[in-house]
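Colleague: take this sequence and fold it.
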Amino acid sequence: MSVITITKDNFDSEVIHSDKPVLLDFWASWCGPCRMVSPVVDEIANETSTAKVGKVNVDEQPELARTFKVMSIPTLVVIKDGKVVKSAVGVRPKADIVSMLNV
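Modeller: You can find the predicted model right below:
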């Protein structure tokens, strides 16, 4: 499954009402650490069928960043059944990100 671009317009349908856990990557194009995490998140999206993977550009979607109280990026959040179940800030190894999805 490929990465989904998450916006305030598709957030409810893609995230809140998802029947699978959703990994959200809050990022920005100017963020160096975000550029390090992005290809890892892309790999996970292509390798998993048990979760959705979405990216939220904090510059384009400030409302979503505020909703999740994102203060630093990259921020990774896992949502299951409409609720945040795990979150992490900063660069993480692939194994750590994958383990976040084991909820």
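
Colleague: and the host helix or strand of Ala95, how far from the chain's centre?
Modeller: Here Ala95 is covered by helix 94-100, with elements defined by DSSP states H and E. How far helix 94-100 lies from its chain's middle: 12 Å, per Cα atoms, centre = their mean, to the nearest Å.

Colleague: may I see the buried residues of it?
Modeller: Ile97, Val98, Met100 (16 or more other Cβ atoms under 10 Å). Bear in mind the C-beta positions are built from the backbone N, C-alpha and C, glycine included.

Colleague: with stretch 77-96 instead?
Modeller: For stretch 77-96, a neighbour-count test (16+ other Cβ under 10 Å) marks Val77, Val78, Ile79, Lys86, Ser87, Val91, Arg92 as buried.

Colleague: what lines up beside the helix or strand that the fifth one is a member of in the sheet?
Modeller: This points to Ser87. In the assignment (DSSP H and E), Ser87 maps to strand 83-89. Strand 83-89 sits in its sheet next to strand 75-80 (antiparallel), going by DSSP bridges.

Colleague: just curious, which of the buried residues of helix 94-100 is nearest to Asp25?
Modeller: Ranked by distance to Asp25 (Cβ to Cβ), those are led by Ile97 at 9.0 Å.

Colleague: which ones are touching that closest one?
Modeller: Leu23, Val37, Val40, Val41, Ile44, Leu76, Ala88 (Cβ atoms under 8 Å, 6 or more residues apart in numbering).

Colleague: look up phi and psi at the closest residue to Ala65 other than its chain neighbours.
Modeller: Excluding the flanking residues, the one nearest Ala65 by Cβ to Cβ, 6 or more residues apart in numbering is Val58, at 4.2 Å. Torsion angles at Val58 (phi, psi; degrees, to the nearest 10) stand at phi -70, psi -20.
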